[in-house]
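[1] Okay, predicted coordinates and the sequence, questions at the end:
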Amino acid sequence: MAMQDLYNTLTDEQKRKFENCKSPEELLALANAENFVLTPDQLEAASCCWGVCSDYTYA
């Protein structure tokens with residue numbers, strides 16, 4: 001599922017929280033707290049928003 005597809009499945013409250021994340025770690029914490037799963041590709045795409053996309057890949 002692409003990042004936009006995931007975003008579209010979130011509630012309005014989850015979207016606000018998602019948009020306020022300032023780092024990949026915050027996004028992962030939000031995903032865990034809100035019980036949604038980020039795929040490696042989605043995390044990579046989101047990480048690029050913070051300029052750390054080359055640093056965030058799953059092994």
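    Here it is on my side, so go on.
[2] can you pull the pLDDT of the spatially most central residue of the chain?
    With distances taken as C-alpha atoms, centre = their mean, the chain has L27 as the residue nearest its mean C-alpha position (4.7 Å). You'll see L27 listed with a pLDDT of 88.
[3] For the residue nearest to it when sequence neighbours are not counted, list the residues it contacts.
    Here the nearest residue to L27 in space, its sequence neighbours aside, is C21; by C-beta to C-beta, 6 or more residues apart in numbering that works out to 4.4 Å. Every C-beta, even on glycine, is put in place using the N, C-alpha and C of the backbone. If you count contacts by C-beta atoms under 8 Å, 6 or more residues apart in numbering, C21 has them with 27, 30, 46.
[4] and C21, what are its phi and psi?
    In terms of degrees, to the nearest 10, the main-chain angles of C21 are phi -70, psi 140.
[5] Return stretch 22-35 as CSV; C-alpha atoms alone will do.
    As requested, the backbone C-alpha atoms of stretch 22-35 are provided in CSV (Å, rounded to 0.1, in the frame of the first residue of the first chain):
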residue,chain,number,x,y,z
LYS,A,22,8.6,15.6,13.1
SER,A,23,10.7,12.5,12.6
PRO,A,24,10.5,8.9,11.5
GLU,A,25,10.7,7.8,15.1
GLU,A,26,7.6,9.9,15.9
LEU,A,27,5.8,8.4,13.0
LEU,A,28,6.7,4.8,14.1
ALA,A,29,5.5,5.6,17.6
LEU,A,30,2.2,7.0,16.2
ALA,A,31,1.8,3.9,14.1
ASN,A,32,2.3,1.7,17.1
ALA,A,33,0.0,3.7,19.3
GLU,A,34,-2.8,3.9,16.7
ASN,A,35,-2.4,0.3,15.5
